[in-house]
Structures are given as C-alpha cells and as structure tokens.
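J.: sharing a model that was predicted from the sequence below.
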Amino acid sequence: MFILKKAQLMTGNEALARGFYEAGGQLAASYPGSPTVGILTAVKNYEEVYGEFSINEKVAVEVGIGASFAGGRTMVSMKHVGLNIAADPFMTFTQTKVNGGFVLVTGDDPGMASSQNEQDNRIFAKFAHCPILDPSNSQEAKDFVGMALDMSEAYHCPVVMRITSRLCHSRSVVELGPRVTKENPGFSGELQHYAMIPPNTYQKQYDMKLRLEALEEAANTFEGNVYLPSDRKDVLILTSGLMYNNLMELDLGLSIYKLGMVYPLPIKKLEELSKSYERIFVLEEMMPFIEDELKLHGIACEGKAHFTFTGEIFSEMILEGLIKAGVVDSSLEIQETPVNTVARLPMFCAGCPHRPVYDILKKTKKKVIGDIGCYSLAVLPPFEVSNSVISMGASIGIAKGMAKINRMKGIQEPVIATIGDGTFFHSGITGMINMLHQNKDENITILILNNGLTAMTGGQENANTGHYIEAADMRVDIPALLKAAGLPAVQVIDQFDYKEAKRVINEAIKHEGLSIVMTTRPCALNFKIKEPAYYVDPEICIGCRSCLKTNCPPILMRAYEGMEKLKSSIDPTMCVGCSVCSQVCPVGAIKRSEVK
C-alpha cells in the first residue's frame, strides 16, 4: 500500500505511475522493456489499479483498448520498438471514439543505451494522428498523465506520452496529490465508432483531420508549454523534454519556449513569436521532428545543422552548437577535465545458465542467429558467438530463411538459432509454428534458453514462470505446446550437466532436419541461487585456462607463492556454484567448498 507524503523523490517512471493513480487510472498494461519497465512495476504498488505485464505489446494495447471501450481510464507503456509490435491494433484504435481516457507511454532511447535502434516515436505518433506530450522532469511526467487522460476523453483519441531513457531513470522531487475518480459511460457498441471497416473508416479519416485541427488550436493554450523571454531579442530557443533542463543548466540568458505538447504544435503562438526574433533554434534529440513541423508551416528555424542527429545531447554539446552558430561567445566553452576510466562491456552474470550453452556453441565454430534478451550479450567479447540480433522472436524466422537459401545453393552448413522463454512467448511461437510450412528437412537447430523469467529487464514473470515459482499465474509447458502444434519432440537438457548438454547440442546440430533443444536452469541472479563456491587447488592446476575460457567473472589467472606459472583462481564472493568450470577442468583441480 502506498503511503501518501506531501512530496517525494521519484524517477520519471515512478512519477508516471503516480500520475496515473492520482488521475483515477484503473487499468495499466505493459511489456517489460528498458527504459519503461519501471512504470508498470510502480503501478503495482497501487491496489486500486489493475496492472499486468502482458505477453507482448500488441496484447497489452488490446487489453488497454478493451478497458477504454468499457469506460476505464487506461495507460499502456512500452519501449519505443514495442510500438512496432503494437502498431496493428493501435493504428486502427486511433480512428475509434475513445471512451475512457487512453494514454500510451513510449520510452524512446537516444543513444541506444539498451536498444537495437533509435527510432523516434514522435514520428510514429504523428503517423497515428495522435497528440504527443513530452514532459521535462518527474513532476511534469506525473502531471501530464492527468492532462493526457483529460485530453483523450475530450477529443476522443489516444494520447501519446513520449519519455526518454534518462528522464525515465533520473529522479526529481514530485508533489503528491490525492486520487480522484471520473466516471465514464460503458461501451455503447455503436458500429460507426467501433466497427472499423469500410464505409465507417472512410468517415473516420475526416474525423481525425478535424480532431487534429482542434488539437492544434488547443496547443496554443496548453499549460505545459512555457515561454521564458529574456532581454535578448535576436534568438529564441525552442525545445522540449529533458533538453530543456540541459539548456537551463547553461544559464545563457536566451529566450526559451519549452514545449510540453510537441504535436500538434502551437502554430499560431509560434508564428507570433517568430516575428519578434531574428533566429529560431530548435533543440531536440534524434530526428528533426519539431524543426520539420515548423518548416512545413513556413516558420524559418535552425536545428540539426548545429546539433547531432543521434544520441543524447548534453549541456556541453548544446553550448558547442550555439558557439558554432555564433549565438554565444566562445569564451563560455566548457573546459572538460578528462577522466581515465576502464571500459567495461555488459556481460553475463556469474553463474548465468546461458554461459555453458554459448561456451558449447563457440566450440562448434558454427554461425548462430541470436535474439533479444540477456543472451544477446553473446554477440560481445569474450563469447562473440551470435552473428545476428534483429528483433524480438526474429531468430527463428531468420534461421528458416537462411536454411532455405543454403539448401537452394547446395550449402550443407547447419543453421542454429537461440531464443529465450520470454521472447519465445512474446513472438517466437509464430515463427516456430511457421517451421511446419514447407519444411524440406533443412538442417535447423533451435535452442530455447528457458530460465523462467524475462530476465534482462529485471526478472518479470512470463507464461512459463509457474514451473519455477508456485505463486506465478501461468504455467505453460513449452515442450507440450510444441508437440501439440505438430513440431518435433523437444529435447530437454540441464546445461549445468556440461558433458551431456554438449553431446545433445552437437548431435542436434548434426541432425538433418529441425531439432529443438530446451535448457532448464533458472536465472541465478533473479532467483538468488547460491550454492557452495568452487575453489582451485593450485598444486593440481596445470594453467591450461580451460576454465577461464568459460568466461565466468569469478575466474582469473594469478600468481601463487612459490609457483612460477600463473594458475587459475576463483573469487568465492562472486561464485554461485554452477560447477561448469569444474566440469571442463581436465585434471580435476577445481573443487567445491563445503560451505556457501
């Protein structure tokens, strides 16, 4: 139960959840993905709100649509690429007459801190004819949710809340308020508003046009837009979101117009302001969305000519761009003090059940098609096993297409694909069933890495978690599911039985036709697995580095007193006792300690 305080330090994600609660939100749905995973996690603190991590983003939007149809205030959240999955229902839902307020939160990722691309979902929202709100701090994140729900109900459309990675995770003080409720009528079922087939959809195109015109007029008085004039009348900086705070840190004495609503823009207000300034600069991360909108309306402005089109834009980068543009004096340039740090790539955790699988695959020297999840780290050193990572569930379809062409070319090379259990349920099932379609015995091996959770985003439950946690509400049996679909029997292995796992995987790779292998060890980090640690007997160790090649973080080579040759060593504070290093040691030098 959430205890009400007057003010609280909150991340942007937590503030969005709080804003939804205070605005009388009733149903929140999501699929876990950075940077927005913390929204639904925080929503679950409020007993009055139903929250679920749906099986994927498309289903989350569909659950949200149903709640909105029934008159419930609804929030659906996802990372930016999740909207690609949800686009099918969402792009049609934007045509309907929204009943209960519906806000879709998209977490964009400038700089791709945890994403495979940098798509700018402001463009997607415009494509969907939806208004876009862009908060600049946690307080606005909270406040804008209520505004978005009111706007959604007033204009009968979904509202997109665009938030970026740094704002999702950064903290600022948020003033808290009480929960208010708003009654909305139930589902009327009027065909012209909810049955989206011709001729109903024809009229909806005109309805959306009129809606955007009305929203553009409303944008001129939207309270989230803030004009901060200065004595300088030569330059106006137009910005939104976190960029506003980065700009304010510089204290340059320039006039600023902060947009809280970035689509439609307050064109009348901006046309009026443009007459008072010689130059207008647009400061925005990623695509020149605002810049292009201004130019489409005949308002001269400058933007990406001075600021980077990719990645995050920090204060020193803003200053550099304005200096080059001749707006501020070069004497203000920030003098950076270089900090020497050691680069560290993301890596599998100690005792991660994926480690032995990729160690086995690396030794096969075969190409591997990877997928989205913890196991995407197999692309990076020291494993460098996966040769491709594209999107959720794509590994299976890619493997099939590659195998087909190989067969047509007379290439006998096997194709291996890996996918996790969370990703399998998200969008891998369809690709797997598609394997039944015109399968001509191509040599394909699918490895389902079942660790019981959607692990990379913090350990959220998925459809399979009930096999690992009794309290989980879903217990789908993957081998039984695939058997019912008519696919080959799944070989289930314990990857910590290294020699047997290696035998099964290697035989599956050699098999002509489709082979499916599923591993079963749970995520060591999220399930807090800690068995007695292993240690190295340096008197037996021959320094062959076989254990080191498993790439487990606790293992390193070091000098022992009285021994010239470096020998293996294991940090007992990091070791979780998975035993793989002991199994690969050719001389039995690695042994289990007696205590945890």
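T.: Here it is on my side, so go on.

J.: list the residues that contact the closest residue in space to Ser115 that isn't next to it in sequence.
T.: In this structure, Ser115 finds its nearest non-sequential neighbour in Asp109, 4.2 Å apart by Cβ to Cβ, 6 or more residues apart in numbering. Every C-beta, even on glycine, is put in place using the N, C-alpha and C of the backbone. If a contact means Cβ atoms under 8 Å, 6 or more residues apart in numbering, then Asp109 has Ser34, Pro35, Lys79, His80, Ser115, Glu118, Thr164, Ser165 as its contacts.

J.: and Asp109, what are its phi and psi?
T.: With angles defined as degrees, to the nearest 10, Asp109 sits at phi -130, psi 70.

J.: then Lys591?
T.: Phi and psi for Lys591, reported as degrees, to the nearest 10, are phi -130, psi 160.

J.: what about stretch 370-389, start to end distance?
T.: By Cα to Cα, to the nearest Å, the extent of stretch 370-389 from end to end equals 5 Å.

J.: quick one, domains of this structure?
T.: Annotated domains of the chain cover 7-219, 226-332, 354-519, 534-592 [automatic domain parsing].

J.: what's the most buried one of the ones you listed?
T.: Highest mean neighbour count among the domains of the chain (mean count of other Cβ atoms under 10 Å): domain 7-219, with a mean of 21.

J.: before we move on, back to that, tell me which of the domains of the chain sits nearest to Phe527.
T.: domain 354-519 (7.0 Å; Cβ to Cβ).

J.: start to end distance for that closest one?
T.: In domain 354-519, first residue to last residue: 9 Å (Cα to Cα).

J.: quick check: the farthest pair among the contacts of Asp109?
T.: Largest separation among these by Cβ to Cβ: Ser34 and Glu118, giving 13.6 Å.

J.: on that earlier part again, can I get the domains of the chain in JSON lines with mean pLDDT?
T.: Shown next, in JSON lines, are the domains of the chain (pLDDT from 0 to 100):
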{"stretch": "domain 7-219", "mean pLDDT": "96"}
{"stretch": "domain 226-332", "mean pLDDT": "96"}
{"stretch": "domain 354-519", "mean pLDDT": "94"}
{"stretch": "domain 534-592", "mean pLDDT": "94"}
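
J.: now distance to Ala343 too, for these, in TSV please.
T.: Formatted as TSV, these follow (distance: least, Cβ to Cβ, whole Å):
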stretch	distance to Ala343
domain 7-219	15
domain 226-332	17
domain 354-519	11
domain 534-592	16
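
J.: quick revisit: tell me which of the contacts of Asp109 fall in strands.
T.: Within the contacts of Asp109, residues falling in strands by DSSP state E are Lys79, Thr164.

J.: nearest to Val327 among the contacts of Asp109?
T.: Thr164 (24.4 Å).

J.: tell me how far the nearest residue in space to that closest one that is not next to it in sequence lies from Ser240.
T.: Closest residue to Thr164 apart from its sequence neighbours, by Cβ to Cβ, 6+ apart: Asp108 at 5.0 Å. According to Cβ to Cβ, to the nearest Å, Asp108 stands 12 Å off from Ser240.

J.: Ile163 too?
T.: Using Cβ to Cβ, we find Ile163 at a distance of 11 Å from Ser240.

J.: mind listing the shared neighbours of those two?
T.: Counting by Cβ under 8 Å, 6+ apart, the residues touching both Ile163 and Ser240 are Asp134.

J.: element containing Gly51, please.
T.: Assigned by DSSP states H and E, Gly51 belongs to strand 50-53.
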